[in-house]
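Enquirer: generate coordinates for the sequence data below:
(chains A and B)
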Amino acid sequence: MLRGLLLFAPIVLLGDLAGTRLLYPQVGAAVLFAPYAALTAALVLTPRRDWIWYVIVEIAAHLVAWPQWTLSWVLVADVANIARGLTAAVLLRWAFACTPRLDSIRALAVFVGIAVLLAPAVGAVIGATNVVVHGASSFGPAWRAWFMSNALTGLTLLPAFLAALEIFRRPSRPIEHRRILEIVLLVLALGLTCVFAFLMPGGSRWRVAWLYAPVPVLIWAALRFGWAGASLALSATVIVAIWGTDRGTGPFVPSRDEDILALQFFVLLTAVPVLCVAAVGTARQEALQLFHNLLASLESQVAIVDGRGAVLAVNDSWRLVAERANTDSFNIVGPGDNYVRACVAAVNAGNTHALDVLNGLQRVLTRADRRYETEYDHVNQAQGGQVERFAMTIEALERPDGGAVVVRTDVTGRRRAELEIEEQRRELSHLARVTVLGQFSGALAHELKQPLAAIHSNAEAAILSLKNAAAGDGLELRAILDDILADDRRATQVINRLSALLQRGETRMVLIAPGELIDDVMDLSHGEAVSRRVTISSEVAPGLPAILGDRVQLQQVLLNLILNACDAMSGMPVPQRHLLLTVDAKDRHFVHFAVRDGGPGIARELLDRLFEPFVTTKADGLGLGLSISRTIVGAHGGRLWAENNADRGATLHCILAAARPGVTVRVS
Amino acid sequence: MSLSRLCTALGYTPVAFASGRQFLESLSADTQRPDCLLVDAHMPDMTGLELHHQLGRSGRRFPLIVMTADDTVEVRQRYVDAGVSDYLSKPVDSASLIGAIQRALAPVK
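Expert: Numbering: from 1, shown residues only, chains lettered A, B, ... in the order given. This next block holds a predicted model:
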């Protein structure tokens, strides 16, 4: 606090003394009253408990600076000063919640409302009353003089003080030499133009024109140094203007109140647009800074191109890749290069994905599309030919000249993870299939032994026939051999289906006739159904469209549903153990499979969770079968769900899209 | 079909039925009695054991030879306990079939 008071005391005393230099001739008010700015800045920046000390110092400085006036006059004037300072400080703290910054038009408007209009108006009422009580002037002119001097102070010195204090309080950063040079040039230019505007002896016809000389320099300060630079430059200008007027140079004459008012108006009318420019400039600078920070923080490579494809800006990630890609024209692009031409060069060099990107880029640049997305593999020669996966988006820019933002993201890791997940899913699916077949194995052995036994009996019958006299009967032998062949085919079919189900293969999408799928699973599950005393029947609607899918995976789904249905019916009396497998078409666009059992049905609370992994009602079940089945059906773009039947049991439904809606295809 | 052929070739006169129920129905209609029954353990509508019990309940006992593809100790024990004449594992060769039929017919002769 002591440091603050030691800084505050000389400023407020010098401000008071400076205020006595140029006064309204009749009313006696100062033209510019620095103590208002100093007190308000001090109150805004210090804790409330310290305020009393600043107020005491302010009163003391006032008493020292204005000895020629009566004590009562000075004290009432102090009441006005303190009321004004408190009003401004309390409202500014409330409105800004921190040190006021004039970095937007809204902030500037709030600041002007409080520190330039309201607080000076409040102070001026007390000050003018004081003047009237002491018989120096009438209320109106006195109020106007008090108001104007403090409004001018609020608009120029107060932001300058706040800016200066903020600069001192902020941790110091090294300033670039170019920036220092610019500040020196700015100070020189401002000094020179102020000399021409306010310090040249009167009488020249250029006088009015010279008055505007500082304006371009003030705008320079506003644009390059924001509200801090603008308010410091405005403060310097107003001090020189007052000094010149006091010396009798410049356009304003200090002999009449109206001339002083004109000087104040001139500075006020100059300050408002300059501070507006500063606010807009600061907001733009900050937006640009944010934009650059945002670009720099992105891991993705980002480039911004104009309507013709010329690169306007790139971020660090993009730059890094461009620097490393020594020969790859597709990646070597930097600011100033043309991305369209780079793509053309890459296409000519044989880069296959560059052609897609080129087409996408041109569609976005010509505004045929708003957005283009692609993924491609890129062979990174710099990394020993390593294959990298990139996701690219090109998004149109919303601006009159068009253009686009090109974003490249290295998704090699994600892609690898996706492939690993796919591999694991395949493994799990295979495991589930093997598990299902494990449960079928007894019945499948039976299925194989049946035709083998028939072949055996037939062969023996043939041998015996040959031994006997009936050997001459060629017709009988031929019938036996035909039966043997048919049984052999049957056995082979079972083995083929088994080995297909046991194989761990890639997904193979083929056209499948739904009826064949039903035949496949009916054959495979026949033995199991017989041993479980379940009768299975099937209904295949005529003229079904083909579906596009992986035959083995869809068999796995249906086998799993059949096995679950058989399990569900194990506790039912044998005559009720009936399973109906149906397939029909829905709207020509969908093929609908249903597995309907006569079991006890599915408990309501389980119906929703049935397809979640590890949810099972079987004592020895893993609870993966239905979850995997739903994943398989989902991967085929279909839907798998369960419903309880109105009478008894449950039905599992599976809907798949027809490959060519309405077209019946017999696939064998 | 293949089994009928083999029986014919062995000199028997087989009559084939598609299911256990068909055989039972023919039994009530027809007065002709078979000398021996050759049945599959898993017929479409009933097991060999069930047929055996049904025949027993109706008081009509025939020598019964059961054939099965899934031969396990438990299953075989169940059939033996039930008192079937013989139990053959598929595929059935002519020698074991003749042996089984001859054993089944012996007490009747």
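
Enquirer: mind checking the longest helix of chain B?
Expert: Longest helix of chain B, by residue count under DSSP state H: helix B:94-105.

Enquirer: grab the nearest non-local neighbour of residue 8.
Expert: Using chain A here. residue A:42 (5.2 Å; Cβ to Cβ, 6 or more residues apart in numbering or on different chains). For every residue, glycine as well, the C-beta is placed using N, CA and C.

Enquirer: let me rephrase: I mean chain B.
Expert: With sequence-adjacent residues excluded and distances taken as Cβ to Cβ, 6+ apart, residue B:8 is closest to residue B:14, at 6.3 Å.

Enquirer: ok but that neighbour is inside a strand, no?
Expert: No - Residue B:14 is assigned coil when assessed by DSSP: H, G, I helix; E, B strand; the rest coil, not a strand.

Enquirer: where exactly do the helices run in chain B?
Expert: Using DSSP H, helices in chain B cover B:2-9, B:20-29, B:48-57, B:73-82, B:94-105.

Enquirer: quick one: closest of those to residue A:373.
Expert: Minimum separation from residue A:373 across those (Cβ to Cβ) falls at helix B:73-82, 63.3 Å.

Enquirer: what does the closest one contact?
Expert: For helix B:73-82, contacts defined as Cβ atoms under 8 Å, 6 or more residues apart in numbering or on different chains pick out B:41, B:48-49, B:52-53, B:66, B:68, B:87.

Enquirer: for that helix, give the mean pLDDT please.
Expert: Averaged over helix B:73-82, pLDDT sits at 83.

Enquirer: buried ones in that helix?
Expert: B:75-76, B:79 (16 or more other Cβ atoms under 10 Å in any protein chain shown).

Enquirer: which of these lies closest to chain A?
Expert: residue B:75 (10.6 Å; Cβ to the nearest Cβ).

Enquirer: contact partners of stretch A:159-178?
Expert: A:37-38, A:41, A:44-45, A:99-102, A:111, A:227-229, A:231-232, A:234-235, A:275.

Enquirer: swap the cut-off to 7 Å and go again
Expert: A:37-38, A:41, A:45, A:99-100, A:102, A:227-228, A:231-232, A:235 (Cβ atoms under 7 Å, 6 or more residues apart in numbering or on different chains).

Enquirer: residue A:335 in helix, strand or coil?
Expert: coil.

Enquirer: again with residue A:507
Expert: coil.

Enquirer: ok, it - contacts?
Expert: A:550, A:553.

Enquirer: disregarding flanking residues, what is the spatial nearest neighbour of residue A:229?
Expert: Residue A:229 sits nearest to residue A:221 (Cβ to Cβ, 6+ apart), 4.2 Å away.

Enquirer: what about chain B, any weak spots by pLDDT?
Expert: Along chain B, the parts satisfying pLDDT under 70 run over B:30-31, B:70-71, B:107-109.

Enquirer: so which residue is dead centre in it?
Expert: residue B:38 (2.5 Å; Cα atoms, centre = their mean).

Enquirer: ok, now which ones touch that one?
Expert: By Cβ under 7 Å, 6+ apart, the contact list for residue B:38 reads B:3, B:65, B:67.

Enquirer: I figured the residue nearest to residue B:8 was touching residue B:7, is that so?
Expert: Yes - contact criterion Cβ atoms under 7 Å: residue B:14 and residue B:7 qualify, at 4.0 Å.

Enquirer: higher neighbour count, those two?
Expert: The residue with more neighbours, out of residue B:14 and residue B:7, is residue B:7; 22 against 14, by other Cβ atoms under 10 Å in any protein chain shown.

Enquirer: can I assume that one is in contact with residue B:15?
Expert: No - with contact defined as Cβ under 7 Å, residue B:7 does not count as touching residue B:15 (9.7 Å).

Enquirer: how much space separates residue A:647 from chain B?
Expert: Between residue A:647 and chain B the computed distance is 24 Å (Cβ to the nearest Cβ, to the nearest Å).

Enquirer: how about residue A:160?
Expert: 102 Å.

Enquirer: how far away is that residue from residue B:89?
Expert: Residue A:160 sits 110 Å away from residue B:89, going by Cβ to Cβ, to the nearest Å.

Enquirer: neighbour count winner among the two?
Expert: Neighbour count, other Cβ under 10 Å: between residue A:160 and residue B:89, residue A:160 has more, with 24 against 15.

Enquirer: can you give me the strands for the stretch 251-400 of chain A?
Expert: A:301-305, A:311-314, A:371-380, A:386-396 (DSSP state E, counting those that start in this stretch).

Enquirer: for the helix or strand harbouring residue A:445, packing partners?
Expert: Using DSSP states H and E, residue A:445 sits in helix A:412-467. The contact analysis (3 or more Cβ pairs under 7 Å, 6 or more residues apart in numbering or on different chains; DSSP states H and E) places helix A:412-467 against strand A:386-396, helix A:474-502, helix A:514-531, helix A:551-568, helix A:625-635, helix B:2-9.

Enquirer: show me what counts as buried in stretch A:495-504.
Expert: Here stretch A:495-504 shows A:497-498, A:501 as buried, counting by 16+ other Cβ under 10 Å.

Enquirer: can you check stretch A:605-612 too?
Expert: A:610-611.

Enquirer: same deal with stretch A:375-382?
Expert: Under 16+ other Cβ under 10 Å, the buried positions of stretch A:375-382 are A:376, A:378, A:380.

Enquirer: ditto for stretch A:539-550
Expert: Quick answer for stretch A:539-550 (16+ other Cβ under 10 Å): A:540, A:544-547, A:549-550.

Enquirer: now stretch A:53-71
Expert: Quick answer for stretch A:53-71 (16+ other Cβ under 10 Å): A:53-55, A:57-59, A:61-62, A:65-66, A:69.

Enquirer: quick one: contacts of that stretch?
Expert: Contacts for stretch A:53-71 (Cβ under 7 Å, 6+ apart): A:1, A:5, A:8-9, A:12-13, A:16-17, A:20, A:35, A:39, A:42-43, A:46, A:74, A:78, A:81-82.

Enquirer: which ones among those residues map onto helices?
Expert: Those of the contacts of stretch A:53-71 lying in helices (DSSP H): A:5, A:8-9, A:12-13, A:16-17, A:35, A:39, A:42-43, A:74, A:78, A:81-82.

Enquirer: would you mind listing what in chain B touches chain A?
Expert: Counting by Cβ under 7 Å from any Cβ of the partner chain, the residues of chain B close to chain A are B:1-3, B:5-6, B:9-10, B:42, B:69-70, B:90-94.

Enquirer: which stretches of chain A have low pLDDT?
Expert: Confidence mapping of chain A against pLDDT under 70 gives the ranges A:202-204, A:326-329, A:441-443, A:469-473, A:619-622, A:660-668.

Enquirer: biggest separation within the residues of chain B next to chain A, which pair?
Expert: B:9 and B:70 (26.7 Å).

Enquirer: relative to residue A:45, how far out is residue A:243?
Expert: 28 Å.

Enquirer: swap in residue A:84?
Expert: Taking Cβ to Cβ, one finds residue A:84 at 17 Å from residue A:45.

Enquirer: ok, back up a step: give me every residue that touches the residue nearest to residue A:229.
Expert: A:186, A:229-230, A:233.

Enquirer: how many other residues sit next to the closest residue to residue A:27 other than its chain neighbours?
Expert: Closest residue to residue A:27 apart from its sequence neighbours, by Cβ to Cβ, 6+ apart: residue A:145 at 4.2 Å. Residues lying near residue A:145 (other Cβ under 10 Å) number 27.
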